[in-house]
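Student: got a predicted model here, sequence first, then my questions.
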Amino acid sequence: MSENKEEALFQAKVDAEQKIEPKDWMPDAYRKTLVRQISQHAHSEIVGMLPEGNWITRAPSLRRKTILLAKVQDEAGHGLYLYSAAETLGTGRDEMVDQLLSGKAKYSSIFNYPTLTWADIGAVGWLVDGAAIMNQVMLCRTSYGPYARAMVRICKEESFHQRQGYDILVTLCKGTPEQKAMAQDALDRWWWPSLMMFGPSDKDSPHSAQSMKWKIKRQSNDELRQTFIDRTVSQAEFLGLKIPDDKLKWNEETQHYDWGEIDWAEFFDVIKGNGPCNKERLTARQKAHADGAWVREAAMAHAEKKMKQKAA
Amino acid sequence: MTNKEALFRYAVRMGDNSLVLGHRLSEWCGHGPQLEEDIAQANIALDLIGQARNYLTYAGEVEGKGRSEDDLAYLRTDREYLNVQLVELHKGDYAYTIARSFLFDAFHLALQQALTTSTDERLSAIAEKAVKEVTYHLRHSSEWLIRFGDGTDESHERAQNALDDLWRYTGELFVPDEAEEVLAKAGVVPDLADIRAEWSATVDRVLKEATLKRPEDGWMARGGKKGIHTEHLGPMLAEMQTLQRTYPGVEW
């Protein structure tokens, strides 16, 4: 079959909402886009363990410690499912991890912001996981089967993550003035970076149109961002916290909130590596990998010995 | 020491052992040698912290002064912590973490198995659940110790060094304090000499498979059971208790 014909068949399948599976024919660019996106997503889960892991040893009660540890553990699990999904496209986990460690592969920039107080753990759950869920719910219907199925599992756990974050803030906002101020401070610092998580505005997002056509993406960055804002405002009101945007206002006509302007200079700066924790995050991953090298070698050497013994 | 006082101290000790080791293992989360180990260690830490919550809640009830699990975990000083020193030592490299876990898990499993028949219903109920968890912990630490011992030269050396360093902290596991003596006499907890025999057999079996040498019994550290700790515990508790100490008496 000619390439053009294959591609037409592929697109017809996508248009008919049939899932593309690992052994199906697919355009090289589709495969490449998916590997990039899924591995970035996996890296984000792994790097995302660091800012939250920062508070596991300081969680203020045994119950909170348990919940936070379980959550960070879930993220490691999500990283595993996603690496496996990407592996079905022919790129190995080692290769993907090397790309992360060399700085070639990206991960979500949100994790380059520091978690400075306990309220940040609340804000990360509420806003960062909340924003991630918007994207992930959409990805449950993405055209590539293994990715869609991994996302279904992940979404179930993510909604628990968001609730635990919000619950931390509810407790803080019902607490002392100092605790409430801690919550407001966290919202002030996490609000705009959370909005940036949806990526550049549609007009500046070069790959978006093709990804929409392939149904890898199903909603645009701006649409998802608006839905997130519309949902989150009332949650902030319930907490009695003020979203740090003077232009935020309900618009009767559009039935959406109007809001201010993202600082895109900051967004692109952090992507380029100039965020508050870019260096720390990558260094922490590189150190874990380097320190673990002898462990992985030992496991391999032992497995080989066992195999030889069995064969003998 | 009355039976009630002994029971309080015992429940606190069991809770502290699990909490402190769970805390140490949780320090690996995000920093493990491979993703699967981040998950495994977090799992084990979660089991241990869950056990600690059961024991500390029970201790508070036995004491009858209204102290909760969090009061006991977050508002005691290191001199009031009653865990054995083995569990509080820093996490070290992965061989050190695994060897420490192995030495403790082998003891912990034998102890929890014996506690399932305790005449104290709460202790036996907690043990019933803990046995399943600790069986997995011991399997995990044994398998890794065997991989290290029988892996590469480097891993063998690291594992042997870790065992040699940690050995001096194993003596304390089997020396009863007054609370343990009182409770053993009353048939509430097992005789630690029996636990030692079982522990020793597990250690020999696994070390043999791992081609590692059992260190000689020499000088043994002790003191944890009466609140005399190593320099490792203070900083760990300072970190763990920071919010509760900085903002006293609030809900989290």
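Tutor: Received, thanks.
Student: tell me the buried residues in the lowest-mean-pLDDT helix or strand in chain A?
Tutor: Lowest by mean pLDDT, DSSP states H and E among the helices and strands of chain A is helix A:208-213, with a mean of 90. For helix A:208-213, the buried set under the neighbour-count rule, 16 or more other CB atoms under 10 Å in any protein chain shown, comprises A:S208, A:S211. Placement of C-beta: from N, CA and C, glycine included.
Student: how far does that helix sit from the chain's center?
Tutor: From the chain centre to the centre of helix A:208-213 is a distance of 19 Å (CA atoms, centre = their mean, to the nearest Å).
Student: what's the answer for stretch A:13-28, then?
Tutor: Relative to its parent chain, stretch A:13-28 has a centroid offset of 24 Å by CA atoms, centre = their mean.
Student: past the helix or strand containing A:A284, which element shows up next along the chain?
Tutor: In this structure, A:A284 sits in helix A:278-291 according to DSSP states H and E. Following helix A:278-291 in sequence order, the next helix or strand is helix A:293-311 (DSSP H and E).
Student: mind giving me the packing neighbours of that following helix?
Tutor: In terms of contacts (3 or more CB pairs under 8 Å, 6 or more residues apart in numbering or on different chains; DSSP states H and E), helix A:293-311 is packed against helix B:121-149, helix B:153-166.
Student: got the buried residues for that helix?
Tutor: Quick answer for helix A:293-311 (16+ other CB under 10 Å): A:W294, A:V295, A:A298, A:A299, A:A301, A:H302.
Student: picking up where we left off before, and the angle from the helix holding A:A284 to helix A:293-311?
Tutor: 30 degrees (axes from the mean of the first three to the mean of the last three CA atoms, to 10 degrees).
Student: give the contact list for residue 63.
Tutor: Using chain A. B:R53, B:D70 (CB atoms under 8 Å, 6 or more residues apart in numbering or on different chains).
Student: chain B was what I was after
Tutor: Counted by CB under 8 Å, 6+ apart, B:E63 has contacts B:F8.
Student: quick one, phi/psi of it?
Tutor: phi -70, psi -40 (degrees, to the nearest 10).
Student: checking the residue of chain B found nearest chain A next. Helix, strand or coil?
Tutor: Using CB to the nearest CB, the closest approach of chain B to chain A is made by B:P33 at 2.6 Å. Following DSSP: H, G, I helix; E, B strand; the rest coil, B:P33 is assigned to coil.
Student: spit out the contact partners of the nearest residue to it once chain neighbours are set aside.
Tutor: In space, and not counting its chain neighbours, B:P33 is closest to A:G292: 2.6 Å by CB to CB, 6 or more residues apart in numbering or on different chains. Going by CB under 8 Å, 6+ apart, A:G292 touches B:G32, B:P33, B:Q34, B:E37, B:Y94.
Student: what about whatever residue of chain A ends up closest to chain B, distance to B:L25?
Tutor: Going by CB to the nearest CB, chain B is nearest to A:G292 of chain A, at 2.6 Å. Distance, A:G292 to B:L25, by CB to CB, to the nearest Å: 16 Å.
Student: next SSE downstream of the lengthiest helix in chain A?
Tutor: Longest helix in chain A by number of residues (criterion: DSSP state H): helix A:145-173. Going down the chain from helix A:145-173, the next helix or strand is helix A:177-196, by DSSP H and E.
Student: check which helices and strands that following helix sits against.
Tutor: Against helix A:177-196 (3+ CB pairs under 8 Å, 6+ apart) you get helix A:118-123, helix A:130-139, helix A:145-173, helix A:221-239, helix A:264-271.
Student: CA atoms of that helix as PDB?
Tutor: Extracted C-alpha coordinates of helix A:177-196, given in PDB (Å, rounded to 0.1, in the frame of the first residue of the first chain):
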ATOM      1  CA  PRO A 177      -5.000  33.700  61.100                       C
ATOM      2  CA  GLU A 178      -1.500  32.500  60.600                       C
ATOM      3  CA  GLN A 179      -2.600  29.300  59.000                       C
ATOM      4  CA  LYS A 180      -5.000  31.200  56.700                       C
ATOM      5  CA  ALA A 181      -2.300  33.600  55.700                       C
ATOM      6  CA  MET A 182      -0.100  30.600  54.900                       C
ATOM      7  CA  ALA A 183      -2.900  29.400  52.600                       C
ATOM      8  CA  GLN A 184      -3.300  32.800  50.900                       C
ATOM      9  CA  ASP A 185       0.400  33.100  50.400                       C
ATOM     10  CA  ALA A 186       0.400  29.600  48.700                       C
ATOM     11  CA  LEU A 187      -2.400  30.600  46.400                       C
ATOM     12  CA  ASP A 188      -0.600  33.800  45.500                       C
ATOM     13  CA  ARG A 189       2.500  32.000  44.400                       C
ATOM     14  CA  TRP A 190       0.800  29.000  42.700                       C
ATOM     15  CA  TRP A 191      -2.100  30.600  40.800                       C
ATOM     16  CA  TRP A 192      -0.300  31.900  37.800                       C
ATOM     17  CA  PRO A 193       2.200  29.000  37.400                       C
ATOM     18  CA  SER A 194      -0.800  26.700  37.500                       C
ATOM     19  CA  LEU A 195      -2.500  28.600  34.600                       C
ATOM     20  CA  MET A 196       0.700  28.300  32.700                       C
END
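Student: sorry, back to before: can you lay out the helices and strands packed on helix A:293-311 as JSON lines showing mean neighbour count and mean pLDDT?
Tutor: Formatted as JSON lines, the helices and strands packed on helix A:293-311 follow (neighbours: other CB atoms under 10 Å in any protein chain shown; pLDDT from 0 to 100):
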{"stretch": "helix B:121-149", "mean neighbour count": "20", "mean pLDDT": "98"}
{"stretch": "helix B:153-166", "mean neighbour count": "19", "mean pLDDT": "98"}
